[in-house]
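Asker: coords please:
(chains A and B)
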Protein chains: 2
Amino acid sequence: MAKLVVIGGVAAGMSAAAKARRVNPKIKIEVYTNEFDVSYGACGLPYFIAGEIVNRKRLVVRSIEKFAAQEIKVYPGHQVESINAEKNTLSVTNQPSGQRLDVAFDTLVIACGASAIQPPVEGKDLEGVYKLRNLQDGEAIFQYLNRSKPKKAVIVGGGYIGLEMVEAFRRHHLEVTLLEMAPHILPNMDPDMAVLVEEYLRRQGVEVATGEMLKKIEGNHEGRVTTVTTDCRTFTADLVLLAVGVRPNSQLAAAAGIELGVRQAIRVNDRMETNLKGIYAAGDCAVTRHLITGTEVYIPMGTTANKQGRVAGENAAGGDARFAGVLGTGIARIIDLEIARTGLSERECQENGLNYATRTIISRTTAGYYPRGGPIHIKVITEQPEGRLLGAQIVGYAGAGKRIDTFATALTLGATAAQLKDLDLAYAPPFAPVYDPILIALHQSQK
Amino acid sequence: MAKLVVIGGVAAGMSAAAKARRVNPKIKIEVYTNEFDVSYGACGLPYFIAGEIVNRKRLVVRSIEKFAAQEIKVYPGHQVESINAEKNTLSVTNQPSGQRLDVAFDTLVIACGASAIQPPVEGKDLEGVYKLRNLQDGEAIFQYLNRSKPKKAVIVGGGYIGLEMVEAFRRHHLEVTLLEMAPHILPNMDPDMAVLVEEYLRRQGVEVATGEMLKKIEGNHEGRVTTVTTDCRTFTADLVLLAVGVRPNSQLAAAAGIELGVRQAIRVNDRMETNLKGIYAAGDCAVTRHLITGTEVYIPMGTTANKQGRVAGENAAGGDARFAGVLGTGIARIIDLEIARTGLSERECQENGLNYATRTIISRTTAGYYPRGGPIHIKVITEQPEGRLLGAQIVGYAGAGKRIDTFATALTLGATAAQLKDLDLAYAPPFAPVYDPILIALHQSQK
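Answerer: As a prediction, this is how the structure comes out:
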């Protein structure tokens, strides 16, 4: 009986295993993961830490027992040490027992995920200094918040996770400083949009320190964090979150002779095949293709991990599925503000040598006379002179963020702003002004 | 100096006047309307009646004075009696004074709107029986609610306005019966989706009576409404709203030799031209083109009225604009439920002889573990065997309704479900499950 082995038990790995089982009821499927939790919603961790998700079990999409019922055998706490691509075997350590075992496979899906980048400074191991990557990290932060009642948090890194954690820490009544090395937070948005979020955070009482480089983290004699020092100043802190980004866990693959691509992520084609026959990769350890530029990119996202995992699982089980690629769509809510983007930013347009124009509009999320609702800013980037849409960014209040999906759809279909000028978008006073902000943005973008 | 005359002072009429002025600063522009309010948000009336919009002035987008400042002269309370298309003149009555005047024009935009259909039953003129079409109607209902403190409302007609008024009356603590002649409410949705709304309303304590025909309305000796009788039974009522639909105000045009189209609406081309040179029509009195079928349709909507008005105004001022057409997109919120549709319903597919398949999915508006959020139902209709999207319908909780815009965009661009299977939609736990309900619906629709 053919055997599929999956390395990794979260989004891509468990999607691959589940899809393989649906496609092929006959093969043997085994999953090896160095974690003790599988198939959990890692994107939910900020809300778990915030106390909005009361029971950690709610984060688990499907338990090891449920996978077992589908004849998917999961080995938690098993570290894969090496892949032997000639013999089609893995060398694995059962971490609790220390036992080594060799595991044979016919097809392999590598879904090792990514790791939080550790900034090269001292003090990272002090009590109260955390990263947030897996469920264990989330639980550790949650327990620290409840046990040590910290008062002042410094979040290092102004990406989605850093921003979502602002909200989580605020719910625990902490003072929060957000530290970002770049001139602006939200590196995948343009500065003119990012600055709207910075201004919002400051109005909410969050200290936003941009263009400052983390230099060291120091603690007291008990080994608990007390200060964070940048190249400009020192902040007091009894909780520090390091959220400066991730890098793909591709070392295992590289050591086995698997080709890496951009950002040292595992190179795969649209069938999720690596350069070695029968070996697939998916999720945060793998590259993907950008739908607009056609180039290889590394944009680790939960959605992409799930989609790629399914494709890898289907193919590894004998099917023929393909994954088209991504637009880099992202969304986050910070307190009451919604932030979203899709396609290319100005910087990405420049990197790709595209001739582009931008238009930014401000409108409202509801009819002007409707009492709830608030401002929405939309920035649209179009290729010149043809007018093809290249990207969009949104910052606004309730109802603003998911409007990005309309742009994602238009980008996927290669539309121009002019093609969409009469777009028949849904209108009623609680949902939009009579001209939806998207229509105003598209109308402006035609010019 | 050339002179543009507009008949009608709400969405299409004032859009036409304003756009004409922007296009051509030199022409003379006059607007004649039999109402005394202009440029108000008629779609906001249910929220005004509900008491959510405290000041009626908030409903007015732009005042007569502001139009005057742009050299747009508005004549409120002026009834246009006839159009002389040979002499290019209108015969107008100044209603307050009774004075008759002749008004010459070089180009004319007819934007007379639509009227509420009056069911052919007795008792329509009793105190407490209302229609809701213009600001005067809205104010009358609002005053009646506050003056007479009615306890029990019967709404006749289960379309968008009827449903929005359920919420408005509930905010005034009335018991509400919703009466619909057809087997289901929401005639532009399919019965399987409409029934979800009916069930929701019943759970909310609203009496929903479908398949019952209004027979008579009766009152007490003071002339105030007391009962509504159908072919099945009698309901007590001290407030009745007749909301059984609208018909275009096209009599004036027809009498002048202007060609009418479907549903007796004024026939226009994509430049909003009628069959008579220099005479345009726009908004609820005019037809439009359906983007999927290419056929002439009558789907009066505030959004369309504004868009058509702009096109008519631009062309009447010497420009060359075109209006592509509509998808019949609609949205409404009833208490906590959101309802939306775009494209063709099953019935419309059948009427157009299309070979189609449907898929309906149920998912959630947020991640499963995220505490707020609720169910969302999406129905997708595709053409067979090619899989081109034909229509979509959504019923669900907060965040559900505006997802229809993604389908509207896909329909406008003629997409198939397969083209969109990997659609990179925005995901974060407060906004969607990792597979957005739209992706699940599209995935199912591929099969």
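
Asker: low-confidence ranges, the stretch 51-200 of chain A, go.
Answerer: Low-confidence segments of the stretch 51-200 of chain A (pLDDT under 70): none present.

Asker: can you show me the strands along it?
Answerer: Here the stretch 51-200 of chain A has its strands, by DSSP state E, counting those that start in this stretch, at A:72-75, A:78-84, A:89-94, A:99-104, A:107-110, A:114-116, A:129-131, A:152-156, A:175-180.

Asker: please apply the same query to the stretch 301-447 of chain A.
Answerer: According to DSSP E, counting those that start in this stretch, the strands that the stretch 301-447 of chain A contains are A:330-334, A:337-343, A:356-364, A:375-383, A:389-396.

Asker: identify whichever of those strands lies nearest to chain B.
Answerer: Of all the strands of the stretch 301-447 of chain A, the one in closest proximity to chain B, counting by C-beta to the nearest C-beta, is strand A:330-334 (3.7 Å). For the C-beta atoms, the positions are set from N, CA and C on the backbone; glycine is no exception.

Asker: pick the most deeply packed of the strands of the stretch 51-200 of chain A.
Answerer: Most buried of these, by mean neighbour count (mean count of other C-beta atoms under 10 Å in any protein chain shown): strand A:107-110, with a mean of 29.

Asker: which strands or helices does that one pack on?
Answerer: Contact partners of strand A:107-110 among helices and strands, from 3 or more C-beta pairs under 8 Å, 6 or more residues apart in numbering or on different chains; DSSP states H and E: strand A:3-7, helix A:11-23, strand A:279-281, helix A:302-316.

Asker: pull the longest one out as PDB, backbone CA atoms only.
Answerer: This file holds the C-alpha atoms of helix A:302-316, laid out as PDB (Å, rounded to 0.1, in the frame of the first residue of the first chain):
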ATOM      1  CA  GLY A 302      -2.900  31.100   6.600                       C
ATOM      2  CA  THR A 303      -5.200  31.100   3.500                       C
ATOM      3  CA  THR A 304      -2.400  30.300   1.100                       C
ATOM      4  CA  ALA A 305      -1.100  27.500   3.400                       C
ATOM      5  CA  ASN A 306      -4.500  25.800   3.400                       C
ATOM      6  CA  LYS A 307      -4.900  26.100  -0.300                       C
ATOM      7  CA  GLN A 308      -1.400  24.900  -1.100                       C
ATOM      8  CA  GLY A 309      -1.800  22.100   1.400                       C
ATOM      9  CA  ARG A 310      -4.900  20.800  -0.400                       C
ATOM     10  CA  VAL A 311      -3.100  20.900  -3.700                       C
ATOM     11  CA  ALA A 312       0.000  19.200  -2.400                       C
ATOM     12  CA  GLY A 313      -2.200  16.500  -0.700                       C
ATOM     13  CA  GLU A 314      -4.300  15.900  -3.800                       C
ATOM     14  CA  ASN A 315      -1.200  15.500  -6.000                       C
ATOM     15  CA  ALA A 316       0.700  13.400  -3.400                       C
END
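
Asker: that helix versus helix A:11-23: what angle between them?
Answerer: 40 degrees (axes from the mean of the first three to the mean of the last three C-alpha atoms, to 10 degrees).

Asker: wait, does helix A:302-316 contact chain B?
Answerer: Yes. Helix A:302-316 is in contact with chain B by C-beta under 8 Å from any C-beta of the partner chain, via A:302-304, A:306-307.

Asker: need the strands of the stretch 51-200 of chain A in a markdown table with distance to residue B:20, can you?
Answerer: Output for those, formatted as a markdown table (distance: least, C-beta to C-beta, whole Å):
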| stretch | distance to residue B:20 |
| --- | --- |
| strand A:72-75 | 67 |
| strand A:78-84 | 71 |
| strand A:89-94 | 74 |
| strand A:99-104 | 76 |
| strand A:107-110 | 63 |
| strand A:114-116 | 57 |
| strand A:129-131 | 61 |
| strand A:152-156 | 53 |
| strand A:175-180 | 49 |
